[in-house]
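Visitor: sequence? don't have it. structure:
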Ligand code: PEP
């Protein structure tokens with residue numbers, strides 16, 4: 001895992017007005033100066049705050065991500081935002097297939113795949129989220145579900161593309177619940193995802209692709225989770241809204 005640069009991303013979800021987002025990112029700038037080259041740090045504000053946050057991030061070791069996109073470049077899709085628009089705003093990453101989008105907004109492996117393709121076509125990197133529900137885990141279907149999501153999300157890509165992607169394993173039962181996966185549970189699924197990428201795209205791609213863990217990552221569990229050999233970073237929701245907590249998680253990734 002030492003060859004892969006760790007990546008810690010903050011998913012702000014539907015939080016922070018533009019002035020609040022600017023205040024948060026200004027505080028964050030001060031907190032990440034010493035780790036920027038060791039750990040890649042990413043923030044994902046709402047669409048509305050992307051432009052202002054991009055300007056506020058100028059010169060800082062912080063990357064910008066969007067939380068979603070549409071798969072078409074432009075057209076009659078009221079309320080949607082396209083990947084080229086996000087690239088033009090300075091986004092390096094786009095989160096695709098977050099479980100809230102799958103559960104609340106009807107996203108499927110097929111639409112997630114189309115979005116990931118749009119993200120790559122716009123020269124950005126997808127952060128492709130996968131993860132099982134509690135019912136699926138209790139029915140011992142975790143690996144089957146995650147495998148289906150990874151295969152579906154990555155369908156039609158080439159190995160050289162996938163090598164640069166970020167996958168995020170986010171068990172649905174751990175998101176926003178305060179109940180994180182144990183490090184052993186996370187490592188088991190991360191290793192299975194990497195093995196699957198190896199079968200689909202070859203060992204070199206599997207060794208390069210980064211796999212984040214997400215689900216109630218906090219300062220007090222981050223070091224343990226991030227210490228697992230196949231855990232290459234964290235996708236952080238709630239704790240990314242508090243600079244002290246997010247900075248502590250970034251430190252734990254070193
Ligand atoms: C997320 O939304 O991706 C997430 C992991 O949320 P939380 O850290 O709040 O569980």
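Guide: Now that the structure is in, tell me what you want to look at. Predicted model only: the values in this text are computed from it and were never measured.
Visitor: distance of residue 228 from the ligand?
Guide: 16 Å (CB to the nearest ligand atom, to the nearest Å). The C-beta positions use only the backbone N, C-alpha and C, and glycine is treated the same way.
Visitor: For burial, what's the neighbour tally of that residue?
Guide: 19 (other CB atoms under 10 Å).
Visitor: pretty sure it belongs to a helix, no?
Guide: No. Counting by DSSP: H, G, I helix; E, B strand; the rest coil, residue 228 falls outside a helix, being coil.
Visitor: how about it, what does it touch?
Guide: By CB atoms under 8 Å, 6 or more residues apart in numbering, the contact list for residue 228 reads 183, 186, 187, 190, 213.
Visitor: Neighbour-wise, which one of those residues leads?
Guide: Neighbour-wise, the contacts of residue 228 (other CB under 10 Å) top out at residue 213, 31 neighbours.
Visitor: what's across from it in the sheet?
Guide: With DSSP bridges as the criterion, residue 213 is bridged to residue 169, residue 234.
Visitor: Next to the ligand, which bits of the protein? Give me the list.
Guide: Neighbours of the ligand within the chain, by CB under 6 Å from any ligand atom: 11, 170, 175-176, 214-217, 235-239.
Visitor: hmm, which of these are the buried ones?
Guide: Buried residues within the residues of the chain next to the ligand, counting neighbours by 16 or more other CB atoms under 10 Å: 11, 170, 175, 214, 215, 216, 217, 235, 236, 237, 238, 239.
Visitor: Where does this protein get nearest to the ligand, which residue?
Guide: residue 237 (2.2 Å; CB to the nearest ligand atom).
Visitor: buried residues in the longest helix seen in the chain?
Guide: Of all segments of type helix in the chain, defined using DSSP state H, the longest is helix 183-201. Buried residues in helix 183-201, counting neighbours by 16+ other CB under 10 Å, are found at 183, 185-190, 192-194, 196-197, 200-201.
Visitor: Now the residue of the chain closest to the ligand: closest residue in space, sequence neighbours ignored.
Guide: Leaving out its chain neighbours, the residue that sits closest to residue 237 by CB to CB, 6 or more residues apart in numbering is residue 11, at 5.1 Å.
Visitor: in the sheet, who's paired with the one you found?
Guide: Going by DSSP bridges, residue 11 forms beta bridges with residue 44.
Visitor: Tell me where the chain has helices.
Guide: Listed in chain order, the helices of the chain (DSSP H) span 18-32, 47-56, 83-88, 99-104, 109-121, 134-138, 142-154, 159-162, 183-201, 203-208, 219-226, 243-252.
Visitor: ok now stretch 40-54, how far from the chain's centre?
Guide: 13 Å (CA atoms, centre = their mean, to the nearest Å).
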